[in-house]
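Asks: need a 3D model of the following:
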Amino acid sequence: MTHRLFEEKHHASIYQKYRLTPPDNVKEIILQYLDEKKGPPHELAVDLGCGTGQNTRLFSPHFQKVVGIDVSKNQLEVARAVPGFTNITYRVGTAEELPFPDGSVDLLTAASAAHWFDHERFLKEAARVLRPRGCMALLGHTAQFSLHYGSCGDGLDNIFSEVMKVLLPYYSSRIAVADSKLQDLYEAIPFHDKERIENIPAKIQMSVTGTVGLLESFSMYQTYLKKEPQAAASLLQSTRTRLLEEMGVSSPDTKLHVTFPYYVVLACKP
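Replies: Here you go, the predicted model:
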């Protein structure tokens with residue numbers, strides 16, 4: 001079945017503000033793969049589980065049309081409010097029932113979303129809608145974040161690790177699929193031509209506010225918030241305070257460096 005999460009307006013707003021945009025090196029890997037396997041023209045890309053459109057917008061300059069699909073109307077409302085992307089359309093829907101004719105899609109992509117899909121039904125639909133030599137690109141990152149500010153390193157990582165331990169009881173089994181880098185899904189892809197690239201480096205600058213906001217966007221935090229709202233709010237506040245104290249600064253706008261590894265599963269339809 002399709003997992004329905006991230007649908008509330010507040011969560012959609014958090015997603016737009018703080019959710020990570022895939023780095024350019026991951027996008028370039030995907031586009032190079034598509035060029036090698038299929039080549040131009042690049043007519044239609046479909047971004048599944050698109051949320052507020054961070055990944056969808058990355059592909060806008062490279063395709064005639066891009067369609068973002070998500071189960072959350074609230075997420076899509078936020079995505080549609082971002083101006084300047086006239087070739088993008090957003091539609092409510094699921095990865096298991098795609099509103100496209102057979103053999104009509106050049107690229108199917110999903111960023112930090114494929115672990116929520118019903119793998120068998122999704123792969124059946126992918127095989128149906130992809131053009132001959134059309135490609136899949138399923139990307140994501142694990143929770144192996146490393147934080148740095150000046151000489152601070154281990155202390156910041158310890159704070160982050162302690163927060164994740166608090167959230168561990170609210171950790172969905174589907175997140176484990178993402179942490180496995182989609183191993184089972186990769187093995188189930190019926191196309192012979194496939195590969196998985198791991199440990200693609202990503203390094204960004206993020207404010208303390210943004211770092212805490214990223215934690216707030218996690219599905220396990222949102223589950224914690226529903227079950228224990230006061231404790232969850234206190235966790236964010238204490239995390240913000242601890243990060244500032246460890247860094248020796250007072251402004252939550254202070255930037256720190258965040259590094260983490262991406263992976264991408266690539267496959268080409270015969």
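Asks: any idea how far residue 259 is from the residue of the chain positioned farthest from its centre?
Replies: Distance from the C-alpha centroid of the chain peaks at residue 248, with 31.4 Å (CA atoms, centre = their mean). Distance of residue 248 to residue 259, given as CB to CB, to the nearest Å: 21 Å. All C-beta spots, glycine's among them, are computed from the backbone N, C-alpha and C.
Asks: residue 241 - how many residues pack around it?
Replies: Applying the criterion other CB atoms under 10 Å, we find 13 residues in the vicinity of residue 241.
Asks: how far is the helix or strand hosting residue 232 from where the chain is centred?
Replies: In the assignment (DSSP states H and E), residue 232 maps to helix 229-247. Here helix 229-247 is found 24 Å from its chain centre; the criterion is CA atoms, centre = their mean, to the nearest Å.
Asks: stretch 29-44 - what's its average pLDDT?
Replies: Averaging pLDDT along stretch 29-44 gives 97.
Asks: check contacts around the residue nearest the centre of the chain.
Replies: Note on the chain: the residue nearest the mean C-alpha position is residue 112, at 3.0 Å, using CA atoms, centre = their mean. Shown in contact with residue 112 (CB atoms under 8 Å, 6 or more residues apart in numbering): 20, 49, 139-141, 178.
Asks: touching stretch 248-257 from outside, list them.
Replies: By CB under 8 Å, 6+ apart, stretch 248-257 touches 147-150, 152, 156, 203-209, 211-212, 240, 243-244, 247.
Asks: buried members of those residues into ChimeraX, please.
Replies: Here is the ChimeraX command that selects the buried residues among the contacts of stretch 248-257 (16 or more other CB atoms under 10 Å):
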select :147,149,152,156,206,208,209,211,212,240,243,247
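Asks: mind listing the strands for this structure?
Replies: Counting by DSSP state E, one finds strands in the chain at the ranges 44-48, 65-70, 88-92, 105-111, 130-141, 146-148, 193-207, 255-268.
Asks: can you pull the buried residues of the helix holding residue 232?
Replies: Neighbour-count burial for helix 229-247 [16+ other CB under 10 Å]: 232, 235-236, 239-240, 242-243, 246-247.
Asks: that one packs against which elements?
Replies: helix 154-167, helix 208-217, helix 219-227 (3 or more CB pairs under 8 Å, 6 or more residues apart in numbering; DSSP states H and E).
Asks: just want the angle from it to helix 208-217.
Replies: 150 degrees (axes from the mean of the first three to the mean of the last three CA atoms, to 10 degrees).
Asks: and the angle from helix 229-247 to helix 219-227?
Replies: Going by the same axes, to 10 degrees, helix 229-247 makes 130 degrees with helix 219-227.
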